[in-house]
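Trainee: sequence first, then the predicted structure, then my questions.
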2 protein chains.
Amino acid sequence: MTGSVGGGDAYVIGVDFGTLSARALVVRVSDGAEAGTAVTEYPHGVIDRSLADGAHSRVELPPDWALQDPADYIVALGEAVPAAVRDAGIDPGQVIGIATDFTASTCMPVLADGTPLCQLPGLAARPHAYPKLWKHHAAQPHADRINAVAHERGEKWIGRYGGKISSEWQFAKALQLLDEDPGLYQRADRWIEAADWIIWQLCGTETRNACTAGYKGVFQDGGYPSREYLAALDPRFAGFADDKLAHPISPLGARAGALTPAAAALTGLPEGIAVAIGNVDAHVTVPAAGPVAPGKMVAIMGTSTCHVMNGAELAEVPGMCGVVDGGIVAGLWGYEAGQSGVGDIFAWFTANGVPGEFAEEARRRGLPLPQLLDEKAAAQPPGAHGLIALDWENGNRSVLVDAGLSGAIVGLTLTTTAPEIYRALLEATAFGTRLIIETFNASGVPVTEFVVAGGLVKSAPLMQVYADVIRRPLSVIGSGQAPALGSAIHAAVAAGAYPDVPAAAAVMGRIERDVYQPDAARAEVYDELYAEYVRLHDYFGRGANEVMYRLRAIRDRALSGRGAAR
Amino acid sequence: MTGSVGGGDAYVIGVDFGTLSARALVVRVSDGAEAGTAVTEYPHGVIDRSLADGAHSRVELPPDWALQDPADYIVALGEAVPAAVRDAGIDPGQVIGIATDFTASTCMPVLADGTPLCQLPGLAARPHAYPKLWKHHAAQPHADRINAVAHERGEKWIGRYGGKISSEWQFAKALQLLDEDPGLYQRADRWIEAADWIIWQLCGTETRNACTAGYKGVFQDGGYPSREYLAALDPRFAGFADDKLAHPISPLGARAGALTPAAAALTGLPEGIAVAIGNVDAHVTVPAAGPVAPGKMVAIMGTSTCHVMNGAELAEVPGMCGVVDGGIVAGLWGYEAGQSGVGDIFAWFTANGVPGEFAEEARRRGLPLPQLLDEKAAAQPPGAHGLIALDWENGNRSVLVDAGLSGAIVGLTLTTTAPEIYRALLEATAFGTRLIIETFNASGVPVTEFVVAGGLVKSAPLMQVYADVIRRPLSVIGSGQAPALGSAIHAAVAAGAYPDVPAAAAVMGRIERDVYQPDAARAEVYDELYAEYVRLHDYFGRGANEVMYRLRAIRDRALSGRGAAR
């Protein structure tokens, strides 16, 4: 282990590229202590209405589009990293490595030298020239085609993604580019994840990480989907993988290269230090939770929840997002599942379903409204609200993998209050998590430990509901910026300070074990409510009554002025 | 027709005894013109917490109890009638008759001379000595027993009440009295509706009207349930009908007697004028809508909705509240159905589900919040909210007859707003009405005209939703106090000014025809949504998933601190 540099402690930098900002964290190599941090907002944020700002001519974007400007990533790198080093009060010369993690799949067309097409003269007004952010949802028809053809042809990889490739992923977004702007598709030498593109900017060479290649790029058993399959999607698409993706896949924690002079100038870090292979924000969090072990599920709970876990064996778990060899840690199978709405649902209800008296009380008591609602939720005995909710206001990612579903509440009476509905929504997300855990258990990939991270961890009432509902203790990652810490751990490995990620995680990761303990009496009531949840989940989610799809279709026609179906 | 009295126009008085107040209306006999009105609140309102006020010693009431003080009815009569006459600016000598209508079943134990037991020395602190208001719901176990025994014995009358006698009705409330205060049961010479008791106070003789006897007293085919049936409920109950109910049944609009000197002194009306047989507030409204005809359904829409309609034939319509020979107008079969929550649901949501920004906007624009929500609901294209709701927050009266059901909302997304949910709730009640209409149509009692009355009629957006959903024009009763007008029509008949109620209704009733017209395009969208409503209605309401009952049971255990079932 390299614990010191020229007499001082050695440090690494982790940079977590989120949806709206990037956070840099300075971490001591010897023990994972967090020395300093800084956040930079992206100047253009999420581009979802028009390409209008700065030098762009105004181009309106269709619904469901979400783009970013790659120049923002560089701006954030150049501001947040030096600021974090200053905040840490260390000499930049003490930094021995840098690693990053990114939202995914956020992917873009670039030239052979890595230049984003949107930065080429004359292409600034072409929407398809920009990175498509993970939540760009306009490629659903392309995802539908990808899935239909995969099932028709019996492609064996489709089973590793719960039977469905998401519209958020690389192939759907690239196919949309080909369909809608074929000239631009031709000009793209490479199609690359932002997670890998940022590494290219740091070390000057293209790399491809095992995590995004596997989860977002359908890389399985040493290869991408076949030319024949791709040609069946569109003859012009036959060479997509060979021409625009193919590249050796690097294991997580590997050294991508040395920090270039240009990147050193940008970040204020020493030229030549180690740059780690790219990572994804959710998966990189697992080592931040300390010792890496199969069965340790890490739930990153924010606007949505991502469940990541290593397993010793390959299994096909119904409705998960994906299973990838070395997708989280080299040498283990990495499993990912998710809930597409969690904190987003609570925020939606807080903004749209809570009468003014509660906002008034929160103001009077100097509390944020969500905290007041948490308090009022916690005061209710389980089951006293008489409600059951389905947590599908943003669709269902696992285990149904269905964006066409929607939320439901059953059991309303004239005495039902907003804090009761709020609690029912908290519980619904916990029931969703329990269903995911039970599905893993039933598929031969047992969950043996449950660790929570992310912004929602600060809600103790919510955490207690989860512990009671899943009937397990909850452990908490001991860092407020777990993804950046996870990245820093990868930087330490890439710099050679530790032999591998598990070794670094065991020292630099931090977990507070069993912070929330289930209560047997409450858990028994939740068992009954969970049975109701599952019954409604299956009724609305497995085809018995496709009312939710029909309501969406009616809504879409109404909004487009097309009236009734007949 | 008696159009004048001593040179001046002749007038009649209708008095509508509601839940919280009584309204007197002075109406011209010759044309139904409303000359004056006055309202008196009951001093004790609804007694649902304790017998505590005035001379009563403090006795706490159990949950679900709702009593009234009969002295309040006399107070209201003595204040509202003279005030209405003054408001009309007529000479009391011009009044030729008085009639009343009442909530039902509001019933009480009295002595053979009509004295309420609660007015006897020493009984003021005995809850069972008071009138049990229609919404007294503590006799549910007794209603359950009544229904179980009726079905066991194959009593044929049970089919005329949708298969279920309500806990709100005479037999359940009397059986509760017997069970819980048998001594008081023995002291009660008579068990009488407030609708009939008030007539006794006006004309000095006991009468029983066909409407409450049939709908609330299970009087069918010339008799009450048999001694054998009553003995099967409780041997001490065998003589209940013979001893405490039996009395000739009078047709609606008949003359009950002459105003007594005491009642004349109380009301300021001439001694000896005609007093009509008692009426029920919903049913009495039908003649206020003008010409009486089979198939003309009158919906009295307020906190709940009551649907009343005459039919030429006897049929058993599934899930209605009751069918009674002459129950609305002598010579026709009177059908009653209902929705147990309508305005109550809108009020609940307005108070509990609407964020402060809307209350703020309403304040700024000087509008009541419900009116603002109506406006925002009306602005949405049908179906654009993507929602479907079940209107069972207060249970379902027709056609499921099930107080154990509860409300549900399906189709929620992160973009759903409170005004959208509000609109879905408006629509849900309209779908409930459509289902009632379709059930009547399918049972051989066709609905040919739809007339609305009651407090909700003033919401034009709601009325338009109803017209579009039921695909029929809506006619509106041309009076803001339709029940009192209906009573006045009965007074005119009792006074001999018209040969019968239909003749009086044709002249004195008022209807504005086809005020709201269905729109074909909107109706087509609603057809689709209605199909979804029916599917969910049957799933939750007809036994496929009894989740709503289980949620209630879980809730009741949680609130009583008894935890889970196991």
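Mentor: Great, that's in hand.
Trainee: can you pull the contacts of A:Ala195?
Mentor: A:Phe17, A:Thr100, A:Asp101, A:Phe102, A:Ala104, A:Thr106, A:Asn209, A:Cys211, A:Thr212, A:Gly278, A:Asn279, A:Val280 (C-beta atoms under 8 Å, 6 or more residues apart in numbering or on different chains). For glycine as for every other residue, the C-beta is placed from the backbone atoms N, C-alpha and C.
Trainee: which pLDDT value goes with the fourth one?
Mentor: Note on A:Phe102: pLDDT of 98.
Trainee: over to the last one?
Mentor: Reading off the confidence values, A:Val280 has pLDDT 97.
Trainee: wait, it sits on A:Phe102?
Mentor: Yes. The pair A:Val280 and A:Phe102 qualifies as a contact (C-beta atoms under 8 Å) at a distance of 6.5 Å.
Trainee: tell me the one of the contacts of A:Ala195 nearest A:Phe171?
Mentor: For the contacts of A:Ala195, the minimum distance to A:Phe171 (C-beta to C-beta) is 12.4 Å, reached by A:Thr212.
Trainee: list the single closest residue to the closest one in space, sequence neighbours excluded.
Mentor: Nearest residue to A:Thr212, sequence neighbours excluded (C-beta to C-beta, 6 or more residues apart in numbering or on different chains): A:Glu193, at 4.3 Å.
Trainee: what's the neighbour count on the one you found?
Mentor: When neighbours are counted by other C-beta atoms under 10 Å in any protein chain shown, A:Glu193 registers 27.
Trainee: let me see the contact set for it.
Mentor: Neighbouring residues of A:Glu193 by C-beta under 8 Å, 6+ apart: A:Phe102, A:Ala104, A:Ser105, A:Thr106, A:Cys107, A:Gln170, A:Arg208, A:Asn209, A:Thr212, A:Lys216, A:Gly217, A:Gly278.
Trainee: what's the closest non-adjacent residue to A:Glu420?
Mentor: Going by C-beta to C-beta, 6+ apart, A:Glu420 has A:His385 as its nearest residue, at 3.6 Å.
Trainee: that neighbour reaches A:Thr413, doesn't it?
Mentor: No. Contact criterion C-beta under 8 Å: A:His385 and A:Thr413 do not qualify, at 9.4 Å.
Trainee: quick check: A:Val323 vs chain B, distance?
Mentor: A:Val323 sits 29 Å away from chain B, going by C-beta to the nearest C-beta, to the nearest Å.
Trainee: also A:Arg557?
Mentor: For A:Arg557 relative to chain B (C-beta to the nearest C-beta), the value is 7 Å.
Trainee: looking at that residue now. What's its pLDDT?
Mentor: 93.
Trainee: ok, back up a step: okay, and the beta partners of the residue nearest to A:Thr212?
Mentor: In this structure, A:Glu193 bridges to A:Cys107 when assessed by DSSP bridges.
Trainee: how about A:Ala453?
Mentor: Under the criterion used (DSSP bridges), A:Ala453 bridges to A:Ile300.
Trainee: that one: what's it in contact with?
Mentor: A:Ala453 neighbours (C-beta under 8 Å, 6+ apart): A:Thr285, A:Ala288, A:Ala289, A:Val298, A:Ala299, A:Ile300, A:Met301, A:Val476, A:Ile477, A:Ser479, A:Ala482.
Trainee: out of the contacts of A:Ala195, who's nearest A:Arg58?
Mentor: Using C-beta to C-beta, the contacts of A:Ala195 come closest to A:Arg58 at A:Thr106, 23.6 Å.
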